[in-house]
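> sequence and predicted structure, then a few things I'm wondering about:
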Amino acid sequence: PGDSNNVVIVDTRTPKEYNEAHVYQAINIPLLNDYQRHLVGKTYKEQSKDDAVRLGWELFSPQIQDFLQRFEPYRNTTIYIYCWRGGMRSRSVTNLLLAHGYHPNTVVQVEGGYKRYMTDIVWKGLDEFAKGYKPQFAVLFGNTGTRKTELLQELMR
């Protein structure tokens, strides 16, 4: 897709999820608010996935026009869309944008969502960084009886 100056990353999770952590420079255009997401999650847990999906659409449907308006400034931009990990929210948003005339080459659903970003980008990146990093000190902690002293004695040999 497009160059990095013409790209926006959209987090479709709730404001609470977004505020806890999000992809660097992502903006939040949530499919549901925190309370609605709570209701959908509760329905999923206590009833069924199908009931939860139905409720989600019932809650979201009255907001579709306002939701689409929030994407309008990015119509000529490559839009990367993600949610938590399962893809239901990001897939719904991707399909909605495509159905409303956004070009298929500029609307990209990020497979695996935020969870994959953390695993594949952040943690693997830190692992790569750590391979070449020689620490000047280390912090050792743990509960009593977890053999820390033995480890320290072994390191001193």
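In hand now; what should we look at? Numbers count the residues shown, from 1 in each chain.
> quickly find the element holding the residue nearest the centre of the chain.
Computing the C-alpha centroid of the chain and ranking residues by Cα atoms, centre = their mean puts Tyr114 first, at 2.6 Å. When elements are defined using DSSP states H and E, Tyr114 is found to belong to helix 113-116.
> with Pro104 instead?
Assigned by DSSP H and E, Pro104 falls within no helix or strand.
> any idea how far it is from Leu98?
Counting by Cβ to Cβ, to the nearest Å, the separation of Pro104 from Leu98 is 6 Å. C-beta here means a position set from N, CA and C on the backbone, and glycine is covered the same way.
> what's the answer for Gln36, then?
23 Å.
> what distance do you get for the closest residue to Ala52 other than its chain neighbours to Thr144?
Nearest in space to Ala52, with sequence neighbours left out and distances taken as Cβ to Cβ, 6 or more residues apart in numbering, is Tyr44 at 3.6 Å. Tyr44 sits 41 Å away from Thr144, taking Cβ to Cβ as the criterion.
> equivalent analysis for His100, please.
From His100 over to Thr144 the distance is 61 Å, taken as Cβ to Cβ.
> give the contact list for the residue nearest to the centre of the chain.
Listed by Cβ atoms under 8 Å, 6 or more residues apart in numbering, the contact set of Tyr114 reads 11, 13, 17, 21-23, 82-85.
> do Leu39 as well
55, 59.
> swap in 10 Å and give it another go.
The neighbours of Leu39, taking Cβ atoms under 10 Å, 6 or more residues apart in numbering as the test, are 32-33, 52, 55-56, 58-59.
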